[in-house]
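S.K.: Provide a 3D model corresponding to the input given below.
(one chain, ligands or ions: 1)
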Amino acid sequence: MDGGYKKCKHRPRQRDNYIDRELLYEEPPTRKLVKHEGFNKHERIKDLRKQLDSNNQLFSQLKLPPIEGFLRDGKKAVCAGCNKNNRFYCLNCLLPNPNHPLPRVRLPCNTVILHHPQEKASKSSGLPLVLLSQEVNMVTYQEDMLEELFKAYSEEDTYVLYPHKDSITVTELTHPPKNIIAIDCTWFQTNTVLRHLEKAKKFRYVKLQDYETQFWRYQNHGAKALSTAEAVFYFYREFAERFEQGYHHQYDELLFLYVTNYHIIEEYHKGGKEVKPCI
Ligand SMILES: [Zn+2]
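M.R.: Residues are numbered from 1 along each chain as shown. Okay, here's the model as predicted:
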């Protein structure tokens, strides 16, 4: 895989034929195989120590409820959906643990997390968003059902959040969209999802400015390829600058569980309190 990556470093592969090409392979991330029980042996995540030791510019700007208190307080609870014990929330049923109250964010658009069934819920950064806002809903991707699943979504009012080669920026939007679709799958699955979605509906695409991901899971699309949670957050931050009176932290809490999981993994790798990562 290393060899293959180097070989096609400057040449977009077939599976990338929807992406805005300039985003590809600009800054290959550092990577290191980090073994711990939350990740299988084939999964690479970034050099966490290096990343965690550097100043995290995004996280230091956010106004969030105290993460330490959230991690320290509250007890495990049995999920009402599946009867399994969970510490913070149940990702299979998308139900919160009542002992751990979560912030709730009001969003100006209906937000769909189009989740690929082969993407493990426990590895998804997008699914926890459902727990944080009533405007965020999860739709499970099914190849033959996309037209039916998105029947209620008009092509005028709906944008797919993706750096598609035909996408426009948030500042180019002429009116606030009613629906935003974020594709929640690995970068390897994205091309297939986009192809089927395009057949089912002629949704337009909106892309973000350039940001660097803080996601701990490894992907080889470079540092500018964002996780689902980051992409949704940055969309609403840009949305506020475009359609509201600027950004005043009104959507910061969308990243509450993302930052919480980041802290858990940080602790885990620093050899501190051993909390098994949720994601
Ligand atoms: Zn459950």
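S.K.: Poorly predicted segments of the stretch 1-150 of the chain, please.
M.R.: Where the stretch 1-150 of the chain drops to pLDDT under 70, the residues are 1-17, 19-56.
S.K.: how about the residues of it near the ion?
M.R.: Counting by Cβ under 5 Å from the ion, the stretch 1-150 of the chain comes close to the ion at Cys79, Gly81, Cys82, Cys90, Asn92, Cys93. For glycine as for every other residue, the C-beta is placed from the backbone atoms N, C-alpha and C.
S.K.: The nearest residue to the first one once chain neighbours are set aside - how many residues pack around it?
M.R.: This means Cys79. Of all residues not flanking Cys79 in the chain, Cys90 sits nearest, at 3.9 Å (Cβ to Cβ, 6 or more residues apart in numbering). Using other Cβ atoms under 10 Å, Cys90 has 22 neighbouring residues.
S.K.: And for Val160?
M.R.: Residues lying near Val160 (other Cβ under 10 Å) number 24.
S.K.: From Thr186, how far out is Phe235?
M.R.: Distance, Phe235 to Thr186, by Cβ to Cβ, to the nearest Å: 20 Å.
S.K.: Tell me which of these two has more neighbours.
M.R.: Using other Cβ under 10 Å, the more surrounded residue of Phe235 and Thr186 is Phe235, with 25 against 14.
S.K.: which helices and strands sit right next to whichever strand or helix holds the more buried one?
M.R.: In the assignment (DSSP states H and E), Phe235 maps to helix 228-243. Under the contact definition 3 or more Cβ pairs under 8 Å, 6 or more residues apart in numbering; DSSP states H and E, helix 228-243 sits against strand 110-115, strand 158-161, strand 179-184, helix 256-270.
S.K.: The residue nearest to Cys79 contacts Lys84, correct?
M.R.: Yes - proximity of Cys90 to Lys84 meets the contact threshold set by Cβ atoms under 8 Å, at 6.7 Å.
S.K.: Domain boundaries for this structure, per the record?
M.R.: Listed by automatic domain parsing, the domain ranges of the chain are 2-65+105-270, 74-102.
S.K.: check contacts around the most centrally placed residue in the chain.
M.R.: Residue closest to the average C-alpha location in the chain (Cα atoms, centre = their mean): Thr228, at 1.8 Å. Listed by Cβ atoms under 8 Å, 6 or more residues apart in numbering, the contact partners of Thr228 are Ile113, Ser124, Ser125, Gly126, Leu129, Ala182, Ile183, Asp184.
S.K.: Nearest to Tyr18, out of those residues: which one, please.
M.R.: For these, the minimum distance to Tyr18 (Cβ to Cβ) is 10.4 Å, reached by Ile183.
S.K.: ok, back up a step: in terms of mean pLDDT, which of the helices and strands packed on helix 228-243 ranks lowest?
M.R.: Comparing mean pLDDT across those, the weakest is helix 256-270, with a mean of 80.
S.K.: just checking, Phe59 touches Tyr262?
M.R.: Yes - using Cβ under 8 Å, Phe59 is in contact with Tyr262, at 7.2 Å.
S.K.: who's more crowded, the two?
M.R.: For the pair Phe59 and Tyr262, the greater number of neighbours falls to Tyr262 (23 against 15), based on other Cβ under 10 Å.
S.K.: Tell me how far the more buried one lies from the ion.
M.R.: Going from Tyr262 to the ion by Cβ to the ion, to the nearest Å gives 23 Å.
S.K.: so that residue sits right up against Leu64, yeah?
M.R.: No - assessed by Cβ under 8 Å, Tyr262 is found out of contact with Leu64, at 11.4 Å.
S.K.: Now do the strands in the stretch 51-200 of the chain.
M.R.: 77-78, 85-86, 89-90, 95-96, 110-115, 136-140, 158-161, 168-169, 179-184 (DSSP state E, counting those that start in this stretch).
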